[in-house]
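**Q** curious how this folds, go ahead:
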Amino acid sequence: MRAAQPADRPAAAGLVGAAGWSAEQRRAWQDGAPAIVLYDPADAAVHGVVVARPRGPGVFDLVAWAVAPPLNRATAAARLVGAIANRARRDGGERLVVSVQDEDAGALLESCGFQEVSRSHSAFAPESVVTYHLEL
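**A** Numbering: from 1, shown residues only. Here you go, the predicted model:
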């Protein structure tokens, strides 16, 4: 793993697209938000991405993560999320916050030490939106 470099941004476009990132998430990635990549040093291919950005003093938003299909997604995603938490901590972060609708994503976050803060339901979405935070 390493901090994302400018060349990683276009190189991971397929991975990010396959992960179903929203336009806002893709924009944060392309605009250079703090990110970490999981890469193969043999060919520098990007196999995983995680993005976070500062929200306010001491608070960072975990924007999104993606892992290539051949990898164990849960293990690789947990490593990426842990790495971005460490980076946010080094950058003065005290809390990492993320909202998800996917139960698998919620389980992954909980396995990384995140705690549920709130849950909201919408008439427009079958799943509830759950917000988690991790104290750094």
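
**Q** which parts of the top helix by length along the chain are buried?
**A** Taking DSSP state H as the criterion, the chain has its longest helix at helix 73-90. Of all the residues in helix 73-90, those buried under the rule 16 or more other C-beta atoms under 10 Å are 73, 76-85, 87-89. Where you see a C-beta, it was placed from the backbone N, CA and C, and this is true even at glycine.

**Q** in this protein, where is pLDDT below threshold?
**A** Counting by pLDDT under 70, the chain contains low-confidence ranges at 122-126.

**Q** can you map out the helices along it?
**A** 8-11, 13-18, 23-30, 73-90, 103-111.

**Q** the last one - contacts with which helices or strands?
**A** Packing partners of helix 103-111 (3 or more C-beta pairs under 8 Å, 6 or more residues apart in numbering; DSSP states H and E): helix 73-90, strand 95-100, strand 125-135.

**Q** try 6 Å
**A** Counting by 3 or more C-beta pairs under 6 Å, 6 or more residues apart in numbering; DSSP states H and E, no packing neighbours are recorded for helix 103-111 among the helices and strands.

**Q** number the residues from 14 up from this point.
**A** Fine by me, first position is 14 from now on; the one you just mentioned is helix 116-124.
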